[in-house]
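Chemist: Sequence plus predicted model, see below.
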Amino acid sequence: MTEARPVKRQARGRQRIADILDAALALFAESGYEVTSTNAIAARAGISPGSLYQFFPNKNAIAEALSVRLVEQMRAAHSSAFELTQVPGLTLDELIDRVLDPLITFNVANPGVKALFGNTDMPALGAARPLQEAVAGRVGAVIGARSPRLPAAERNRAAMVTVRIVAAMMPPIVAAQGAERDALTTELKKALHGYLAQLDGH
């Protein structure tokens, strides 16, 4: 009986943290990071500000914890997107679908990601930077697997441009609904196809 109590308390604490992070992500998506207050996060999570401060001393700490959680989720999405052993057997359109679709799905499911990672003044950005760099590295590896004779400098440059194109188009795709989201996704894939097709044959 005495052992069950700490376990229940720990489970309750983990759930409370998850509720706070869910509330913060939703509010960052709706209002932006700067405007969102800890009081608003507590209210959305259904707890008092005092309860929130038992877990997080300030909004930056919430953002950092949220970054860690999102980085893990993004890493899972990216792992399904970048499977190098299959790259040589895929057409360019199939490859673009394989890489892009999981990333769009993740960003649509987490619309607060841009507000969190897009703010260069936020301490939380440091938690996302290793993954952002890893994404560029993985895109470079995919390009290299498809165009093995492409010099490393050109491969890295192409990876950076590809990532920037996707990053620029992701916010309007996330903001759109239904057919418009599909149309924007199609346009993004066309842009990537046009850019990456020039690398074929290297």
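Modeler: Here it is on my side, so go on.
Chemist: SS state for the residue positioned nearest the centre of the chain?
Modeler: Against the mean C-alpha coordinate of the chain, by CA atoms, centre = their mean, the closest residue is Met74 at 4.8 Å. Following DSSP: H, G, I helix; E, B strand; the rest coil, Met74 is assigned to helix.
Chemist: Surely it is in contact with Phe106?
Modeler: Yes. Using CB atoms under 8 Å, Met74 is in contact with Phe106, at 6.1 Å. Every C-beta, even on glycine, is put in place using the N, C-alpha and C of the backbone.
Chemist: joint contacts of these two?
Modeler: Val113 (CB atoms under 8 Å, 6 or more residues apart in numbering).
Chemist: Low-confidence ranges, the chain, go.
Modeler: 1-9, 80-81, 84-85, 115-132, 201-202 (pLDDT under 70).
Chemist: and the longest helix for it?
Modeler: The residue-count maximum for a helix in the chain (DSSP state H) belongs to helix 4-31.
Chemist: That one packs against which elements?
Modeler: helix 38-45, helix 49-55, helix 59-81, helix 113-117 (3 or more CB pairs under 8 Å, 6 or more residues apart in numbering; DSSP states H and E).
Chemist: How is the chain divided into domains?
Modeler: 1-57, 67-197 (automatic domain parsing).
Chemist: Only the buried residues of stretch 14-21, if you could.
Modeler: Residues of stretch 14-21 classed as buried: 16-17, 19-21 (neighbour count, 16 or more other CB atoms under 10 Å).
Chemist: returning to what we had before: tell me the most buried of the helices and strands packed on helix 4-31?
Modeler: helix 113-117 (a mean of 22; mean count of other CB atoms under 10 Å).
Chemist: on that earlier part again, export the helices and strands packed on helix 4-31 to TSV and append columns for distance to Met170.
Modeler: Putting the helices and strands packed on helix 4-31 into TSV (distance: least, CB to CB, whole Å) gives the following:
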stretch	distance to Met170
helix 38-45	24
helix 49-55	30
helix 59-81	12
helix 113-117	7
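Chemist: closest one to Leu100 among those helices?
Modeler: Proximity to Leu100 (CB to CB) singles out helix 59-81 among the helices and strands packed on helix 4-31, at 7.6 Å.
Chemist: and after that closest one, which helix or strand comes next?
Modeler: Next in sequence after helix 59-81, counting helices and strands by DSSP states H and E, comes helix 92-109.
Chemist: List of residues touching that next one?
Modeler: Counting by CB under 8 Å, 6+ apart, 73-74, 77-78, 80-83, 86-87, 90, 113-114, 139, 142, 146, 166, 170, 173-174, 181, 185, 188-189, 192-193, 196-197, 200 sit against helix 92-109.
Chemist: Output that helix in CSV with nothing but the alpha carbons.
Modeler: Extracted as CSV, the C-alpha positions of helix 92-109 are listed here (Å, rounded to 0.1, in the frame of the first residue of the first chain):
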residue,chain,number,x,y,z
LEU,A,92,11.8,11.2,-57.6
ASP,A,93,8.1,11.7,-56.9
GLU,A,94,8.0,8.6,-54.7
LEU,A,95,11.0,9.9,-52.8
ILE,A,96,9.5,13.3,-52.3
ASP,A,97,6.3,11.7,-51.0
ARG,A,98,8.3,9.5,-48.6
VAL,A,99,10.2,12.4,-47.1
LEU,A,100,7.5,15.1,-47.2
ASP,A,101,4.3,13.4,-46.1
PRO,A,102,5.3,12.4,-42.6
LEU,A,103,6.7,15.9,-42.0
ILE,A,104,3.5,17.5,-43.1
THR,A,105,1.5,15.1,-40.9
PHE,A,106,3.6,16.0,-37.9
ASN,A,107,3.4,19.7,-38.4
VAL,A,108,-0.4,19.6,-39.0
ALA,A,109,-0.8,17.6,-35.8
